[in-house]
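Colleague: okay, here's the prediction I keep looking at, along with the sequence it came from:
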Amino acid sequence: MISNLVRDIVRKVFICVLMVAGASFPAFATECPGNPDALGTSRVLAISPDKFSHVGTMQYKDTLPLNDHEVVLTFDDSPLPPYTDIILGILASQCVQANYFLIGQMAHAYPYLVRRIYNAGHSVGTAYFGSSTCLKTIAAVTSGARG
């Protein structure tokens with residue numbers, strides 16, 4: 001189990017990164033019950049793979065149509081206990097939505113975390129195209145309604 005000290009450090013670093021990256025989110029961000037000062041999610045951007053198949057300024061010339069001070073939050077190579085649990089708790093406390101890109105073997109090993117990610121309303125995808133195990137696990141876990 002992760003120590004309280006490490007958990008506090010991870011939480012503080014993550015919150016600081018979010019606050020710096022998203023400090024100027026519009027006032028109309030989602031209400032966050034019990035935390036009126038939460039960062040929130042100002043909007044969810046639906047992306048078509050046909051239109052945005054090669055996105056990312058490090059490798060490609062295209063980027064997403066983001067407004068000033070908007071960020072896209074992604075977590076790659078998930079799920080991995082206990083870190084996924086900690087991050088999900090932090091995201092929930094701030095009413096922030098993220099994208100999770102899962103690894104097949106890890107999704108298969110920890111389907112309860114895939115379900116938790118999905119039920120919390122986060123976007124779920126695979127970390128690489130050939131991850132058939134991951135696709136099957138995601139399909140099985142998300143076949144019902146969220147909740």
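Modeller: Great, that's in hand. Residues are numbered from 1 along each chain as shown.
Colleague: do a quick rundown of the strands in this structure.
Modeller: 74-78, 99-102, 123-126 (DSSP state E).
Colleague: now render those strands as JSON lines, adding mean neighbour count and distance to G89.
Modeller: For every residue, glycine as well, the C-beta is placed using N, CA and C. Output for the strands of the chain, formatted as JSON lines (neighbours: other CB atoms under 10 Å; distance: least, CB to CB, whole Å):
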{"stretch": "strand 74-78", "mean neighbour count": "16", "distance to G89": "13"}
{"stretch": "strand 99-102", "mean neighbour count": "22", "distance to G89": "14"}
{"stretch": "strand 123-126", "mean neighbour count": "18", "distance to G89": "18"}
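Colleague: out of those strands, nearest to L91?
Modeller: Among these, strand 74-78 comes nearest to L91, with 9.2 Å by CB to CB.
Colleague: picking that back up, would you format the strands of the chain as TSV with mean pLDDT and distance to P36 included?
Modeller: Shown next, in TSV, are these (pLDDT from 0 to 100; distance: least, CB to CB, whole Å):
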stretch	mean pLDDT	distance to P36
strand 74-78	89	26
strand 99-102	90	26
strand 123-126	86	26
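Colleague: let's have these in a markdown table, adding distance to P65.
Modeller: Formatted as a markdown table, the strands of the chain follow (distance: least, CB to CB, whole Å):
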| stretch | distance to P65 |
| --- | --- |
| strand 74-78 | 17 |
| strand 99-102 | 16 |
| strand 123-126 | 17 |
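Colleague: and of the ones you listed, who's closest to T137?
Modeller: Comparing the strands of the chain under CB to CB, the one sitting nearest is strand 99-102, at 7.7 Å.
Colleague: send the alpha carbons of the closest one over as PDB?
Modeller: What follows is strand 99-102 as a C-alpha-only set of coordinates in PDB (Å, rounded to 0.1, in the frame of the first residue of the first chain):
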ATOM      1  CA  ASN A  99      -9.000  10.500 -21.000                       C
ATOM      2  CA  TYR A 100      -7.500   7.100 -20.000                       C
ATOM      3  CA  PHE A 101      -5.600   5.100 -22.500                       C
ATOM      4  CA  LEU A 102      -5.400   1.500 -21.200                       C
END
